[in-house]
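1. For reference, the sequence and a predicted model appear below.
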Amino acid sequence: MNRLIIAAVAVLFAIYLIFSSIFVVNQREQAIVMRFGQITDVKTAPGLYFKIPTSIVDTVQIVESRLLRYDIANMTLQVSGGKFYEVDAFLTYRITDPRKFREKALGELQIAEQRIGTRFDAALRQVYGQSEFNAALSEKRTQMMAQARDLIKVDMAELGIDIVDVRVLRTDLANDVSAQTFDRMKAERLAEAALLRARGQEQAQSLKAIADRQSVEILAAASKDSEVLRGEGDAETNKIFAAAYGKDQEFFDFYRSMEAYRTALTNTGTNLVLSPDSEFFRYFGSDGTMPQSTPAAAAARPAPAAVAPAPATVQ
C-alpha cells in the first residue's frame, strides 16, 4: 500500500513537473519569461515552449500582441476661438516591445491605459486648442488626428507600445455654442431673405415703371388715333351738311328748325320769352307746308358751312 501511494505521488509530481515546464503562446499573445523576477526571454512567435519546472524559479507573463483599443467619451475641448466641442474619440495601439512593457508598466494593461488616457487627453486638447472652429468639421480633421497620434506616439514608445491610429467618433457643439450658432445661422438666413425681398421689390418697381411707360404710350397712341378719327368724322359731317344745304336749302332750314324745337322744348324746363313773329317760330304751328321765303328770312338764313379740313395732330 505504501508503495502504491509513493508511486502515485511520484507520478503526480512528474506530471506536475512536466506541465509546469510547458507553456503555450498562441498567435494573439506574447510571453515574457522571468527567472526570479528578471526577464530572461521574450517569446513573440506562437508555439510550445519549455522552462524550468514550477513557478518558483521561472515565471511566464502573457501579454497581448493583437491590436487594442482605448476610448474617451464626452470630452469637452476648446478651440482657438474660445468655443467648445463635445468629442468622443478612440485610439488603437499594440504592444511591440514586451520587455519595455514589463519594465515600465509591470506588464499590466490597466497601468498602461492610465498613461495612455492621460497622454491622449493632453494631445487632443493641444491639437484642438491650436485649430480653428471649423477645422474639426472639415477635411482638416484627418490632419488633426495625425498630429494627436504623433504627440502620443513618442511617450508611449517608452512603454513598448506603438500607437497605430487616432479617430474621432463624434464631434458636437456644446450647448451654448449650439445656441450661438443657431442665432448666427438665423441672422444669416434673415439677411438673405431681406436681400431677396429687396431685389424682388426692385424688380417689381422696374416692371411697374415699364408697364406705366407702356400704358402712357398706348394711351397716347389711342388718343392720337381718336383725335384723327374725330377730325375725319367732323370733316365728313361738315361735308354732308354742306352737300345737303346745297341740294335743298329750304328743307335744310326746316330740318334745323325741327332739331332746335326738339332741343329747346323737350323736358328742359326752360322758359323762353320770344315774339310770335320771331324767326324761331317760323315753322311752328304751320300746316306742314313750307312758308314762302322772305327777304328777312333769306338774310337771316345761315350760310352753308364750309368743309373743315381734318385737324392735324401733333405727336
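-> Done, it's in.
2. who touches residue 5 in this structure?
-> Shown in contact with residue 5 (C-beta atoms under 8 Å, 6 or more residues apart in numbering): no residues. Using the backbone N, CA and C atoms, a C-beta is placed for each residue, glycine as well.
3. Is it part of a helix or strand, or is it coil?
-> Applying DSSP: H, G, I helix; E, B strand; the rest coil to residue 5 yields a three-state assignment of helix.
4. From residue 250, how far off is it?
-> Look at residue 5 and residue 250: by C-beta to C-beta, to the nearest Å, they are 177 Å apart.
5. Residue 84 bridge partners, please.
-> residue 78 (DSSP bridges).
6. same question for the helix or strand harbouring residue 195, mean pLDDT?
-> If you go by DSSP states H and E, residue 195 is part of helix 175-247. What helix 175-247 shows for mean pLDDT is 85.
7. Now residue 50: closest residue in space that isn't a chain neighbour?
-> Of all residues not flanking residue 50 in the chain, residue 21 sits nearest, at 5.3 Å (C-beta to C-beta, 6 or more residues apart in numbering).
8. tell me the contacts of that neighbour?
-> 50-53.
9. Now which of these would you call buried?
-> Listed as buried from these are 51, 53; burial here means 16 or more other C-beta atoms under 10 Å.
10. Check the burial of residue 78 by counting its neighbours.
-> 13 (other C-beta atoms under 10 Å).
11. Same question for residue 235.
-> Residue 235 is flanked by 15 other residues according to other C-beta under 10 Å.
12. cool, residue 107 as well?
-> Neighbours of residue 107 under the rule other C-beta under 10 Å: 21.
13. Secondary structure of it: a strand, I assume?
-> No. Under three-state DSSP, residue 107 sits outside any strand and is assigned coil.
14. circling back to that earlier point, test for you: state the pLDDT assigned to the residue nearest to residue 50.
-> Residue-level pLDDT assigned to residue 21 equals 80.
15. Could you check how far it is from residue 192?
-> 80 Å.
16. Could you tell me how many residues sit around residue 132?
-> Counted with other C-beta under 10 Å, residue 132 comes out at 12.
17. Secondary structure element holding it?
-> Judged by DSSP H and E, residue 132 forms part of no helix or strand.
18. where does the closest residue to it other than its chain neighbours land in three-state SS?
-> Spatial nearest neighbour of residue 132, excluding adjacent residues (C-beta to C-beta, 6+ apart): residue 80 at 5.9 Å. Here residue 80 is recorded as coil under three-state DSSP.
19. Would you confirm that residue 80 contacts residue 136?
-> No. Assessed by C-beta atoms under 8 Å, residue 80 is found out of contact with residue 136, at 10.9 Å.
20. give me the low-pLDDT residue ranges for this structure?
-> 1, 174-181, 265, 267-270, 272, 274-315 (pLDDT under 70).
21. Point to the residue nearest the middle of it.
-> Of all residues in the chain, the one closest to the mean position by C-alpha atoms, centre = their mean is residue 189, 8.2 Å from it.
22. Now do the same contact list for residue 168.
-> Here residue 168 is in contact with 87-89, 136, 141, 145 (C-beta under 8 Å, 6+ apart).
23. Surely it is within a strand?
-> Yes. Looking at residue 168 with three-state DSSP, it is inside a strand.
24. That one and residue 90: what is the separation?
-> From residue 168 to residue 90 the distance is 8 Å (C-beta to C-beta).
25. What of residue 235?
-> Applying C-beta to C-beta to residue 235 and residue 90 gives a distance of 102 Å.
26. repeat for residue 142
-> 15 Å.
27. Name the residue in these two with the higher neighbour count.
-> Neighbours around residue 142 and residue 90, counted as other C-beta under 10 Å, are more numerous at residue 90. The numbers are 15 against 11.
28. ok, the closest residue to that one other than its chain neighbours - contacts?
-> Spatially, and ignoring its direct neighbours in sequence, residue 90 is nearest to residue 71 (4.4 Å; C-beta to C-beta, 6+ apart). Residues near residue 71 by C-beta under 8 Å, 6+ apart: 88-90.
29. Before I go, just wanted to say thanks for your time.
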